[in-house]
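Asker: sequence first, predicted coordinates after that:
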Amino acid sequence: MNATPHVLPRQVTQPRALAPAERALSLIGGDLTEKSLKLHLDGLTGVDAVGLEQRAAALGTRSIKTTSKAWALDAIISLIDLTTLEGADTPGKVRSLVAKAVNPDPSDSATPRVAAVCVYGDMVPHAIESLGASWSAGEDNGINVAAVATAFPSGRASLAVKIADTSEAVVAGADEIDMVIDRGAFLAGSVGVVFDQIVAVKEACRRTNGTYAHLKVILETGELSTYDNVRRASWLAILAGGDFIKTSTGKVSPAATLPVTLLMLEVVRDWYRLTGERIGVKPAGGIRTAKDAIKYLVTVAETAGEEWLTPQLFRFGASSLLNDVLLQRQKLTTGRYSGPDYVTMD
Amino acid sequence: MTDAVKTNTVTTGTGKTVATRFLDYAPAPESTSILHLKPSYGLFINGQFVDGHGPSFQTISPATEKTIAEISNADASDVDAAVRAARKAYTSTWSRLSGSDRGKYLFRIARLVQERARELAVAESLDNGKPIKESRDVDVPLVAAWFFYYAGWADKLDYAGLGPNPRSLGVAAQVIPWNFPLLMLAWKVAPALAAGNTVVIKPAETTPLSALIFAEILQQAELPDGVVNIITGAGDTGEALVNHPDVNKVAFTGSTAVGRAIAKSVAGTGKKVTLELGGKAANIVFDDAPLDQAIEGIVNGIFFNQGHVCCAGSRLLVQENIHDEIVERLKSRLMTLRMGDPLDKNTDIGAINSREQLDRVRELSDVGEAEGAVRWNAPCVIPDKGFWFAPTIFTNVSTSSRIARDEIFGPVLAVLTFRTPAEAIAKANNTQYGLSAGIWSDKGSKILAVADGLRAGVIWANTFNRFDPASPFGGYKESGYGREGGRHGLAAYLESAGWGTPAVASPPRKQASS
């Protein structure tokens, strides 16, 4: 075909450039656009749901007994983000939660403390005040305060609101930010929007001294619906700079499931193989018993590796789980089961 | 970070964190107290345990080499007694029962298997060496499922595809292998009984235990005497059984060599025969496969039951462009497999069933190495006693290598590559066997197209080693003939009404005119 000079070439829309997140730049390259990101995510290997669920079920049959169980129960406690996310949360409720986090079992001072308390952003000052000297204050040597942000749980707000929500919590002292992704944008195919928002929120996690509050990215897997989507969203969240990928808000059913967590652990394992960098995973919502939590520990150890079993790389988002673990722990120590009145309410 | 977590990891001077504890799960052995084993077992003939006339032998645990029990040995006279008992039960009772009454007995057996599931699982793992998680979660539940399934068929034989009122054959002689001792028994006994036959069955010499406990279940179920006779012994007992003149049907699962001998010996006798023999299945992994699940499928395909599976995916055919990645992922997955005490609930890989089999696996693996294939095995601690072989992968395997052609029947995987679907099909079919195959791809149309080209009795798509009583199972070529399972499995124990019977005799066969 011969080009006629007086006809204007068809308008080519320039692909929208994305925020230059470091990981995405190094993996996808300088041509970081929504299109290149999409191509990258579409190139990820598929997930066979039946096989994934079968593998998760098989991991769930591990029999963790005696010394392994004792270690596992303590590890679970130390990996818990003790959570209260109710409209009815009050300073009093947060104080009570913090007291539980600091001293989970008053009858046994050897009980480990939980990793963090997780609250709404406006409760961060109350949490910090209640923690007092137990607060890690961004140093990772005590109990962290995690705040949910970005119009949790729906995420349906403008980016400006999400950023304000985040920076307010960070300024108040939150050590960790649990943000939600824009599931609507993700499902509509606008992965660039989701990406840019995570990058922006990550930037809002920056403290005045240049350090960052840890960023956990909640995928709300129950709304993403397919395992293929979960894999893409996990990868997307990591590329955009998330320190942790988290299953759910706890407000949508299904919340965390073992297969979904297994899948996300496979993603962080693959990311580690590719880059040498370790990303954390946080299943949240629906894990209520020690027995279930042990299945998660097994899945972590046999998928990503045992080195993931630290609060820097794995957390349980839970509230009622703690007391069941404490009951099991008391049983191991005393040899008999007690009852709900032998553990404290938070 | 709390102290609890710190005790689990050691941070070395270089800042590297070394795992030390959690994955070394504390022992979680299944208790053997549920077993009530007798020091010695007789032959189960005509509803009673009787002593055999051959020299008795001992069955040992392949994990410890300790003797479990003394087992009777059936000689020719015992075989004859068993066949006579089966014949008598056939003519006097079993063939006269209505289908629904036969079904009631089968349902009863199925429920008793479920009730005594734990005991059967422990016995199976003890005697065979397979991990308790497999005997508990696969073998025994499938045994119950097989009896439930065929119990349902017993009064519906008109719909088995052989026309109205199909007839049972008579006495079935069944010889089964040691890899799934009780499950193979169920595969054989359940359809035979549902169809109205009586049975003389010989479990393998190294794994008679669960069949003898099953005999107790038959007593508990009050199955009429002689309907199922269980005789123990070695190859000569099996030979005497299949060659007994008064059996009408021979069903064998085992090696191709023995199957061939049986086919020869029964030729011209009028006995119906089904043979389920060896395999060298191809597990085909395309580059668009769901990789994490494919890795699990490869592991399950060849390391399930220590690779003692006739339909094991012993040849991994992987698309060349993902070969290195697959092998690397496979190796790191194999590092998490736990080999050891079959009765420990966390054991993934148990013991090789016998010294003889271990020698064969070793020999063929050595041949593979000598032929230039690259050997890698998972770093397992091999126990002092018993028969063990660490999960092994061979790469750089050529299609002419013996490890790519011979059935090893052990935890040894040969990895080969292909470039296109057509080449995958050609390589998969390039074997004297044709029992099973696996295809891994996220693309449904590709799976269907490839499955169409494969000559194998069972083809799994994005899974492997899955069994269901409703699904027929059997092979092409040297993997045998006849089908077990499903409606097709009934045809092995039935014949159309009137066929060869005096009442509705078929017209005399015409002489060939040309």
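Answerer: It's in. Numbers count the residues shown, from 1 in each chain, chains lettered A, B, ... in the order given.
Asker: number of residues surrounding A:Leu274?
Answerer: Neighbour count for A:Leu274, taken as other Cβ atoms under 10 Å in any protein chain shown: 9. Glycine gets a C-beta too; all of them are placed from N, C-alpha and C.
Asker: let me see the contact set for it.
Answerer: A:Leu27 (Cβ atoms under 8 Å, 6 or more residues apart in numbering or on different chains).
Asker: and the helix or strand containing it, average pLDDT?
Answerer: Element membership of A:Leu274, judged by DSSP states H and E, is helix A:258-275. Across helix A:258-275, the average pLDDT comes to 98.
Asker: and the next helix or strand past it?
Answerer: strand A:280-282.
Asker: circling back to that earlier point, list the buried ones in the helix holding A:Leu274?
Answerer: When burial is assessed from 16 or more other Cβ atoms under 10 Å in any protein chain shown, helix A:258-275 yields the following buried residues: A:258-272.
Asker: who are the contact partners of the residue sitting nearest the centre point of chain A?
Answerer: Nearest to the mean C-alpha position of chain A, by Cα atoms, centre = their mean, lies A:Lys246 at 2.6 Å. By Cβ under 8 Å, 6+ apart, A:Lys246 lies in contact with A:Asp178, A:Lys216, A:Val217, A:Ile218, A:Leu219, A:Val281, A:Lys282, A:Pro283, A:Ala284, A:Arg315, A:Gly317.
Asker: in strands, which of the residues you listed appear?
Answerer: When the contacts of A:Lys246 are checked against strands (DSSP state E), the matches are A:Asp178, A:Lys216, A:Val217, A:Ile218, A:Val281, A:Lys282, A:Gly317.
Asker: ok, those residues vs B:Ser441, which is closest?
Answerer: A:Val281 (28.2 Å; Cβ to Cβ).
Asker: for that closest one, which non-adjacent residue is spatially closest?
Answerer: Setting aside the residues directly before and after it, A:Val281 is nearest to A:Met264 in space (Cβ to Cβ, 6 or more residues apart in numbering or on different chains), at 5.1 Å.
Asker: my read is that the one you found contacts A:Arg232, right?
Answerer: No. Applying Cβ atoms under 8 Å as the test, A:Met264 and A:Arg232 come out as separate, 11.7 Å apart.
Asker: residues contacting the residue of the stretch 51-200 of chain B found nearest chain A?
Answerer: Closest residue of the stretch 51-200 of chain B to chain A, Cβ to the nearest Cβ: B:Lys133 (6.1 Å). Neighbouring residues of B:Lys133 by Cβ under 8 Å, 6+ apart: A:Thr61, B:Lys345, B:Asn346, B:Thr347, B:Asp348.
Asker: now do 10 Å
Answerer: By Cβ atoms under 10 Å, 6 or more residues apart in numbering or on different chains, B:Lys133 lies in contact with A:58, A:61-63, B:30, B:121, B:125, B:342, B:344-348, B:350.
Asker: what secondary structure does it sit in?
Answerer: helix (DSSP: H, G, I helix; E, B strand; the rest coil).
Asker: confidence score at it?
Answerer: For B:Lys133, pLDDT reads 97.
Asker: circling back to that earlier point, chain center to the helix holding A:Leu274, what's the gap?
Answerer: Computed by Cα atoms, centre = their mean, to the nearest Å, the chain-centroid distance of helix A:258-275 equals 13 Å.
Asker: report how many residues lie close to A:Gly339.
Answerer: Neighbours of A:Gly339 using other Cβ under 10 Å come to 7.
Asker: quick revisit: whichever of the contacts of A:Lys246 end up buried, select them in PyMOL.
Answerer: Here is the PyMOL command that selects the buried residues among the contacts of A:Lys246 (16+ other Cβ under 10 Å):
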select buried, chain A and resi 178+216+217+218+219+281+282+283+284+315+317
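Asker: which pair of the contacts of A:Lys246 spans the longest distance?
Answerer: A:Leu219 and A:Arg315 (14.5 Å).
Asker: on the three-state scheme, the residue of chain A found nearest chain B is what?
Answerer: Closest approach between chain A and chain B, counting by Cβ to the nearest Cβ: A:Gly51, at 3.0 Å. What three-state DSSP gives for A:Gly51 is helix.
Asker: now the phi/psi pair for the closest residue to it other than its chain neighbours, please.
Answerer: Counting by Cβ to Cβ, 6+ apart, B:Gln293 is the residue found nearest to A:Gly51 once chain neighbours are left out, at 3.0 Å. Here is the backbone geometry of B:Gln293 (degrees, to the nearest 10): phi -70, psi -30.
Asker: would you confirm that B:Gln293 contacts A:Ala49?
Answerer: Yes. If you go by Cβ atoms under 10 Å, B:Gln293 and A:Ala49 touch, sitting 8.9 Å apart.
Asker: close to chain B: what parts of the stretch 101-250 of chain A are there?
Answerer: Residues of the stretch 101-250 of chain A found near chain B (Cβ under 10 Å from any Cβ of the partner chain) are A:Ala110, A:Thr111, A:Pro112, A:Arg113, A:Val114, A:Ala115, A:Asp140, A:Asn141, A:Ile143, A:Tyr227, A:Asp228, A:Arg231.
Asker: phi, psi for the third one please.
Answerer: It stands for A:Pro112. phi -70, psi 160.
Asker: for it, report the pLDDT, please.
Answerer: The model's pLDDT for A:Pro112 equals 96.
Asker: and it, how far is that from A:Ser338?
Answerer: 19 Å (Cβ to Cβ, to the nearest Å).
Asker: sorry, back to before: surely the residue of chain A closest to chain B touches B:Glu296?
Answerer: Yes. Using Cβ under 10 Å, A:Gly51 is in contact with B:Glu296, at 5.9 Å.
Asker: overlap in contacts of those two?
Answerer: B:Pro290, B:Thr463, B:Phe464.
Asker: between the residues you listed, which has the most around it?
Answerer: That'd be B:Phe464 among those, by other Cβ under 10 Å, with 28 neighbours.
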